[in-house]
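1. what's the 3D shape of this:
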Amino acid sequence: MPTFDGGHYFLTALIPVRTDVMNDGRTVTSPVHALRKQLSMIPTAAETPLRGGGQSPFARNRRNHFARFVIIDDVAYNGRLGQSTALNAINQVNLTAAQPQDHLKNPFLVFVADFDAKSGSDTERDSYLVELWNTAGQDLREIFRFCQGFDSRVRDGTTFAAYMADCQIETTMSFNDYYADPPVLPAWPADMYKWPVIVSGGALLLGLGATLLLLVAALFARSWLSWLPYSFGLALVGAVALGLIVLTAYMSVMAAGGKPFPTAQDSDLPTVLKALHLRSAFTRFVIASQMQAAGTDAASAQKLYDDFKSFVAETKPHNLDAPTQAPGVIGI
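-> Below you'll find the predicted structure:
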């Protein structure tokens, strides 16, 4: 899947962490240790008063769906490379001798974010990063200051966007779960996937048939040797045509696979927050209505109707701005 899919931009950045010694006059530590401690103090969502009452800095941005930080200290060792037991025995390979292993020169901070976007352009990415810096710049500085080159390069939102762009890697497996119904994809003919096979096979049979026909005709001709070059020439034309057809089919399939899915309906953050608010409010309404239900007479039905009318007036389902669930809030 591409970096942009279903109306969302999936940003993945791999930022190298500093490896120098940090000494503030009181403690001596490593940047990766200090970074890990700093990440542990970031609120992941709205905290209770007992937890400090903090809030995630990403909740200040109205485009964020998810944001995560991960530290990669080194690559995982998956064991020895698979080899033939018979060949190892013949070549007398010492299986206790260590094979070469890959290691990182320094730790990396992985930052991934899923946010609302209209396209997968660099301009869309940069506008998000500038907005993110403007809403949570100080919190971001406390995190990224342990990364290489951050303090010398980043001064504002524009330079922060440029810094992150240099560390970006392609997101090849994005996760988007906002499709309530299967997405409506461009309609191709039902058997389009069979067409390259049919056309290629037909071109091959045509070329072979024409070549065979010319060879048979040449056998009954006085100067059959003069027909031979034409036969081979026609066979070559058929092979070239077949290759072009296969190449065109391959490029068509790859181009179709590279197109992002259409935007899922009501998948932007304000709509999702409104839906969460309506769900919790309607749950409370149903519980209250069941507790107050006294019977099935006309008076009870009218009261339920009036209560629901008041519920709609209070919650304003078509107003995405208010009342709604605040970003970074978990639960009701």
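2. All the strands of the chain, in order from the start?
-> In the chain, the segments counted as strands under DSSP state E are 4-5, 8-16, 22-23, 28-29, 64-72, 108-116, 168-169.
3. what does the fifth one rub up against?
-> Applying C-beta atoms under 8 Å, 6 or more residues apart in numbering, the set of residues contacting strand 64-72 from outside is 8, 17, 32, 35-36, 39, 42, 56, 58, 104, 107-116, 132, 143, 269, 272, 327. For glycine as for every other residue, the C-beta is placed from the backbone atoms N, C-alpha and C.
4. Please tell me how far residue 128 sits from residue 158.
-> Applying C-beta to C-beta, to the nearest Å, the value for residue 128 to residue 158 is 13 Å.
5. who has more neighbours, those two?
-> residue 128 (21 against 13; other C-beta atoms under 10 Å).
6. List the residues that contact the nearest residue to residue 316 once chain neighbours are set aside.
-> Using C-beta to C-beta, 6 or more residues apart in numbering and skipping the chain neighbours, the partner closest in space to residue 316 is residue 323 (6.7 Å). Residue 323 makes contact with 277, 314-316, according to C-beta under 8 Å, 6+ apart.
7. cool, residue 143 as well?
-> Residue 143 neighbours (C-beta under 8 Å, 6+ apart): 35, 38-39, 42, 69, 109.
8. Next, work out how far apart the closest residue to residue 330 other than its chain neighbours and residue 56 are.
-> Spatial nearest neighbour of residue 330, chain neighbours left out: residue 45 (4.9 Å); criterion: C-beta to C-beta, 6+ apart. Distance of residue 45 to residue 56, given as C-beta to C-beta: 6 Å.
9. Common neighbours of these two, please.
-> residue 328.
10. who has more neighbours, those two?
-> Remark: of residue 45 and residue 56, residue 56 carries more neighbours, 20 against 14, as counted by other C-beta under 10 Å.
11. The residue lying closest to that one once chain neighbours are set aside: how many residues sit nearby?
-> Excluding the flanking residues, the one nearest residue 56 by C-beta to C-beta, 6+ apart is residue 328, at 4.6 Å. Applying other C-beta under 10 Å, we find 20 residues neighbouring residue 328.
12. how far does stretch 264-279 sit from the chain's center?
-> Its chain's average C-alpha position is 20 Å from that of stretch 264-279, according to C-alpha atoms, centre = their mean, to the nearest Å.
13. That stretch: which residues count as buried?
-> Within stretch 264-279, the residues that count as buried by 16 or more other C-beta atoms under 10 Å are 264, 267-269, 272-274, 276-278.
14. what's the average pLDDT for that stretch?
-> On average, the pLDDT along stretch 264-279 is 90.
15. Can you give the contact residues for that stretch?
-> The contact list for stretch 264-279 (C-beta under 8 Å, 6+ apart) reads 6-8, 62-65, 115-116, 176, 178-181, 183, 315, 317, 319-321, 323-327.
16. how does it look with 6 Å?
-> 6-7, 62, 65, 116, 178-179, 315, 320, 324-325 (C-beta atoms under 6 Å, 6 or more residues apart in numbering).
17. and if you look at stretch 96-108?
-> With C-beta under 6 Å, 6+ apart as the test, stretch 96-108 has contacts from 14, 16-17, 19, 32, 72-75, 77, 80.
18. Mind listing what's buried along that stretch?
-> 107-108.
19. now stretch 142-156
-> Neighbour-count burial for stretch 142-156 flags 143-144, 146-148, 150, 154 (criterion: 16+ other C-beta under 10 Å).
20. Just the CA coordinates for that stretch, please, in CSV.
-> The C-alpha coordinates for stretch 142-156 follow below in CSV (Å, rounded to 0.1, in the frame of the first residue of the first chain):
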residue,chain,number,x,y,z
GLU,A,142,12.0,18.0,24.1
ILE,A,143,11.8,14.7,22.1
PHE,A,144,13.8,15.3,19.0
ARG,A,145,16.7,17.2,20.7
PHE,A,146,18.2,13.8,21.3
CYS,A,147,18.4,13.1,17.5
GLN,A,148,21.3,13.9,15.3
GLY,A,149,21.3,17.3,13.7
PHE,A,150,18.0,18.5,15.2
ASP,A,151,19.3,21.4,17.3
SER,A,152,21.4,22.8,14.5
ARG,A,153,18.7,22.6,11.8
VAL,A,154,15.3,23.1,13.3
ARG,A,155,14.2,26.6,14.2
ASP,A,156,10.5,26.7,13.2
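21. Use 32 as the first number for this chain going forward.
-> OK, 32 is where the count begins now, so the last one is stretch 173-187.
22. tell me the average confidence for that stretch?
-> Averaging pLDDT along stretch 173-187 gives 96.
23. what separates that stretch from the chain centre, distance-wise?
-> In terms of C-alpha atoms, centre = their mean, the centre of stretch 173-187 is set 25 Å apart from its chain centre.
24. if we can go back for a sec, ok, the contacts of stretch 127-139 vs residue 273, which is closest?
-> Nearest to residue 273 among the contacts of stretch 127-139: residue 45, at 42.9 Å, using C-beta to C-beta.
25. Quickly list what the closest one is bridged to.
-> On the basis of DSSP bridges, residue 45 is bridged to residue 141.
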